[in-house]
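>>> need the 3D shape of this:
(2 chains)
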Amino acid sequence: MEKVKVALGLVIIVFAIVMAFSFKSSLSPYHSVSYVVEKGEVRDVQVNGTIVPNSTIYLENNTRIFELTDGKTKMKVIYTGILSNYQEGIPAVVRGDYYNGCFHATEVLLKCPSKYEVMEKNYSAVK
Amino acid sequence: MDTGEVLLLISLLSSTASFFMFLRCIKKDAWKTAKYLHTISTISFVSAFFILLYYFLVRDFNVEYVFEYSDIHLSTAYTISAVWAGRQGSLLLWVCYLSIFNIALLSGKKDKVTALSLAISTLVSIFLNILLITTSDPFIRFNFNPGNGIGLNPLLRTPEMIIHPPTIFVGYAGMTVPFALAISGIIFGEEWIRRSRLYLLISWVFLSIGIFLGAWWSYKTLGWGGFWGWDPVENASLLPWLTASALLHGVIVEERKRGLKLLNYILAILTFDLVILATFITRSGIISSVHAFGQNPEARAYFGLIVIATLAGAIAAFYGRKNFSGTLGGIREKLILCNISILLLSMATVLLGTLAPLFIPNISVGKNYYNHLEIPLGTALIVLLGICAAVDWLGRKEEFLKKNRLSVPAGLMAGVAVFAILKAVIAAIGVAIFLFALLNHIQDLKGTRFANRRKVGGYIAHIGMIFLFIGVMGAWIYEESYKPVTLEQGKLTKVGNFELKLVGFNAAEDQEKLSIISYVEIYENGKLQAVAHPKMLFYKLMRQDRVVSSVEIISQPLRDVYIAMGGISKDGTKAYYEFYVVPLISFVWLGSLLIICGGTVAALPKNTQRAI
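Residues are numbered from 1 along each chain as shown, chains lettered A, B, ... in the order given. Just a heads-up that it's a prediction; the model follows:
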């Protein structure tokens, strides 16, 4: 039994070390819109903010341009692809490159529909 | 004050009274009064739930919660499901389930262990009840009548989402019972494992069904990262499932009087803690917004409950520490301990990734973190399952070798064959492990009678895991995705090994929505495979998220072809799509169903064994 315990202990320690390294290497920071705009040019970053209401322009080829804000600064985001359940005024995370005054997103993440807070906040502004 | 609020107040009063009566039952016979009080509180909870349902059905938009989650066009089925679409309604459902579980506990053996357990689980229900009349009151009314509601989020309008929350909450509520029994059992030095087993198993089955439905929904919903995206909400439900699975195995060892008593006790407490964490995460979205954590009064309440439950567990364990003695017996027990360790490491990995954004502000944890750790853990688990199935309780060497004489060469040969055909190393290793583990289970199962339904059930669930493993490997490692894909009407477009042709469009309208349906022919090697109808749905709602891409999935035994439509060009000659080929996804569903079946078989009552 003692041998099993020692072996298990060792495996767990090794796993914990691997876990710590893997964890550290997979962390990626969220940048704010202000930070990205101030830098002028950044590559492969993720930025979180809120989609500015009434800012979306739909272009041909399934492309849309919208504005993302952190409350201080706004930036234009251009994205080609399907966004099911898209709406303005909700938090979103965009991933991609910022250059020439525009964020070229390769990925846009909208928040989960089962996270109910968003909806409540939305209309509490009107209430 | 609304009738619903009055009922919630009655339930609070009667629950509090019944809590004290249950405490009294430890020493004296006060069962009749306790039962009476508990019945009143259960009836109040259930009535409050039905009153909320009634408000939804009569479309009383004066009630804020009804206004938020339904509208006049919503069909009856979705109107019913809207009751548990939000935080308040689902909490009410949770507490109804808990009351019903407590009734089941009340109908069993009436001794001090049951009495204290009921007192503990009544405390949990009092806690939720307080939330229901303060921060999560579903019966708050406006001082005007809006006439129509915001409507249910279109993404939640699927059959899976009607039943996903109510099944998951059965699992959550049910896990309270083993927790309460464990603490009482340890304090009084009586066994709690046998008493909790059925509650644990039923809750585990419901949790499994809930997770499966969630995964199925996520797969069919575009932009959700397939059936499992390591989203905090998905992770939240997986955490208690992992510890409950570990506990189910620890129970087997302890029942044979071979130790793991302390570990099982810790697992019961931990599962409950994780259930509370999960309730909180799914209902509040707290993980996605760090700022909300400090502001949300419920955050502190839930955190407090977790701390109290853990402390109570620790104190009870200290008090009853002499009851943990026992030694771990044979080789199979040790192997089970290894399996439990894997499940716990897996839980720790997911927990760290899920909670990290709370402690390190402004970061996200990439999916790679989970994939790099969970895939090796899963693989190790399947290998161990295979070994375990070949080892019997006596640990006989010749039996072990006999089974492996078939499974090891068969697995190796299959691996080599896959490598020769596909030239894919991971697929080859995966298939080898899959066949090895599967064959050992089948060989051991061959001589087992169905009457031994615990073993049969367990093995069905294991075989489910083995299929899930190979399915996950296929879908995650070998998925092909093509986006964006632009198709022109009447023209063949090459996408991967396929050719797609947009034939035309059609429109349809019902009460809820307008649909634009596209007809896409899918060719492979010049042969027509299928005609898909991906749609765009425009819900008649005054909300911006009313446009939804509805995907079409062509399922074949060894792969799915998955296509979603995202828009049409102005002149209507072109349309935009996303196209995926997902290998072995059917094995994921088959595996999940087998896991659920296995759990159900193991939970079947004993006296049915002769009939089969």
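
>>> close to chain A: what parts of the stretch 101-250 of chain B are there?
Counting by CB under 8 Å from any CB of the partner chain, the residues of the stretch 101-250 of chain B lying close to chain A are B:150, B:153-156, B:221-223, B:231, B:233. All C-beta atoms are positioned from the backbone trio N, CA, C, and that covers glycine.

>>> just the residues you listed: which are in helices?
Of those, the ones assigned to helices by DSSP state H are B:V233.

>>> just flag the most distant two among the residues of the stretch 101-250 of chain B next to chain A.
Farthest-apart pair in these is B:I150 and B:D231; separation 23.6 Å (CB to CB).

>>> show me the shaky parts of the chain.
In the absence of a named chain, this looks at chain A. Where chain A drops to pLDDT under 70, the residues are A:1, A:111-127.

>>> not quite, go with chain B.
In chain B (pLDDT under 70), the answer is B:223-225, B:257-258, B:283-297, B:542-545, B:607-612.

>>> and it, what are its domains?
B:1-157, B:158-348, B:375-478+B:589-611, B:480-583 (automatic domain parsing).

>>> redo those domains as JSON lines? Include mean neighbour count.
As requested, the domains of chain B are arranged in JSON lines below (neighbours: other CB atoms under 10 Å in any protein chain shown):
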{"stretch": "domain B:1-157", "mean neighbour count": "20"}
{"stretch": "domain B:158-348", "mean neighbour count": "21"}
{"stretch": "domain B:375-478+B:589-611", "mean neighbour count": "18"}
{"stretch": "domain B:480-583", "mean neighbour count": "17"}
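
>>> any chance of those in a markdown table, with distance to A:E88 too?
Shown next, in a markdown table, are the domains of chain B (distance: least, CB to CB, whole Å):
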| stretch | distance to A:E88 |
| --- | --- |
| domain B:1-157 | 15 |
| domain B:158-348 | 17 |
| domain B:375-478+B:589-611 | 33 |
| domain B:480-583 | 6 |
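
>>> how about these, which one is nearest A:L27?
The nearest among those, by CB to CB, is domain B:158-348 at 14.0 Å.

>>> which residue is nearest the middle of chain B?
B:I211 (2.6 Å; CA atoms, centre = their mean).

>>> just give the nearest non-adjacent residue to that one, would you?
Once flanking residues are discounted, B:I211 sits nearest to B:S237: 5.3 Å by CB to CB, 6 or more residues apart in numbering or on different chains.

>>> quickly find the element holding the one you found.
Assessed by DSSP states H and E, B:S237 sits inside helix B:232-255.

>>> kindly report the same for B:S11.
Going by DSSP H and E, B:S11 is part of helix B:3-25.

>>> what packs against that helix?
Contacts defined by 3 or more CB pairs under 8 Å, 6 or more residues apart in numbering or on different chains; DSSP states H and E place helix B:3-25 against helix B:31-57, helix B:112-133.

>>> turn these into TSV, including distance to B:G378.
Converted to TSV, the helices and strands packed on helix B:3-25 look like this (distance: least, CB to CB, whole Å):
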stretch	distance to B:G378
helix B:31-57	39
helix B:112-133	33
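
>>> name the SS class of A:I78, please.
strand (DSSP: H, G, I helix; E, B strand; the rest coil).

>>> okay, and the beta partners of it?
A:I78 forms beta bridges with A:I65, A:H104, as assigned by DSSP bridges.

>>> so it makes contact with A:I65?
Yes. Counting by CB atoms under 8 Å, A:I78 does reach A:I65; the two are 5.0 Å apart.

>>> now for the domains of chain B, which one comes closest to A:G71?
A:G71 lies closest, by CB to CB, to one member of the domains of chain B: domain B:158-348, at 11.7 Å.

>>> still on that earlier bit, after the helix holding B:S237, which helix or strand is next?
Counting by DSSP H and E, what follows helix B:232-255 is helix B:261-284.

>>> quick check: chain neighbours aside, which residue is closest to A:I51?
Per CB to CB, 6+ apart, closest to A:I51 is A:E88, 4.8 Å.

>>> just want the most central residue of chain A.
Closest-to-mean residue, chain A, CA atoms, centre = their mean: A:V93 / 2.5 Å.

>>> can you pull the contacts of it?
Going by CB atoms under 8 Å, 6 or more residues apart in numbering or on different chains, A:V93 touches A:30, A:46-48, A:108-109, B:364.

>>> report the secondary structure state of the residue nearest to it when sequence neighbours are not counted.
Nearest residue to A:V93, sequence neighbours excluded (CB to CB, 6+ apart): A:L109, at 4.3 Å. Of the three states, A:L109 takes strand according to three-state DSSP.

>>> A:L109 reaches A:A92, doesn't it?
Yes. Under the criterion of CB under 8 Å, A:L109 makes contact with A:A92 at 6.5 Å.

>>> what's the spacing between B:G567 and B:K540?
Separation of B:G567 from B:K540 (CB to CB, to the nearest Å): 19 Å.

>>> next one: B:I463
In this structure, B:I463 and B:K540 are 46 Å apart, going by CB to CB.

>>> all strands for the chain, in order.
Reading this off chain A. With strands called from DSSP state E, chain A shows them at A:27-31, A:42-51, A:57-59, A:63-69, A:74-80, A:91-99, A:102-110.

>>> chain B is the one I meant
B:363-365, B:480-488, B:492-495, B:498-509, B:513-524, B:527-532, B:535-539, B:547-550, B:552-556, B:559-568, B:574-583.

>>> okay, the ones you listed in TSV with distance to chain A next?
As requested, the strands of chain B are exported to TSV (distance: least, CB to the nearest CB, whole Å):
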stretch	distance to chain A
strand B:363-365	5
strand B:480-488	5
strand B:492-495	14
strand B:498-509	14
strand B:513-524	13
strand B:527-532	15
strand B:535-539	9
strand B:547-550	4
strand B:552-556	13
strand B:559-568	3
strand B:574-583	4
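
>>> and those as TSV, adding distance to B:L116?
Conversion of the strands of chain B to TSV gives the following (distance: least, CB to CB, whole Å):
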stretch	distance to B:L116
strand B:363-365	40
strand B:480-488	54
strand B:492-495	63
strand B:498-509	59
strand B:513-524	53
strand B:527-532	59
strand B:535-539	51
strand B:547-550	50
strand B:552-556	50
strand B:559-568	51
strand B:574-583	50
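
>>> where does B:V391 fall, phi/psi-wise?
Main-chain dihedrals, B:V391, degrees, to the nearest 10: phi -100, psi 130.

>>> same deal with the one 4 residues further on?
Per-residue torsions, B:G395: phi 70, psi 40 (degrees, to the nearest 10).

>>> ok, now how distant is it from chain A?
13 Å (CB to the nearest CB, to the nearest Å).

>>> how about the residues of the stretch 351-500 of chain B near chain A?
Proximity of the stretch 351-500 of chain B to chain A, by CB under 8 Å from any CB, involves residues B:352-353, B:356, B:360, B:362-366, B:368-369, B:372-373, B:483-484, B:486.

>>> returning to that earlier point: who does the residue nearest to the centre of chain A bridge with?
Beta bridges link A:V93 to A:N48, A:L109 when assigned by DSSP bridges.

>>> likewise for the one 4 residues further on?
Residues found in beta-bridge contact with A:D97 (criterion: DSSP bridges) are A:H104.

>>> pretty sure it is touching A:V77, no?
No. Applying CB under 8 Å, one finds A:D97 not in contact with A:V77, separated by 11.1 Å.

>>> okay, those two: which has more neighbours?
A:V77 (26 against 16; other CB atoms under 10 Å in any protein chain shown).

>>> and the more buried one, what does it touch?
Contacts of A:V77 (CB under 8 Å, 6+ apart): A:65-68, A:94, A:102-103, A:105, A:108.

>>> and what of B:I466?
By CB under 8 Å, 6+ apart, the contact set of B:I466 is B:382, B:385, B:434, B:437-438, B:441, B:591.

>>> just to revisit the earlier point, any shared contact partners between A:D97 and A:V77?
Between them, A:D97 and A:V77 share the contacting residues A:F103, judged by CB under 8 Å, 6+ apart.
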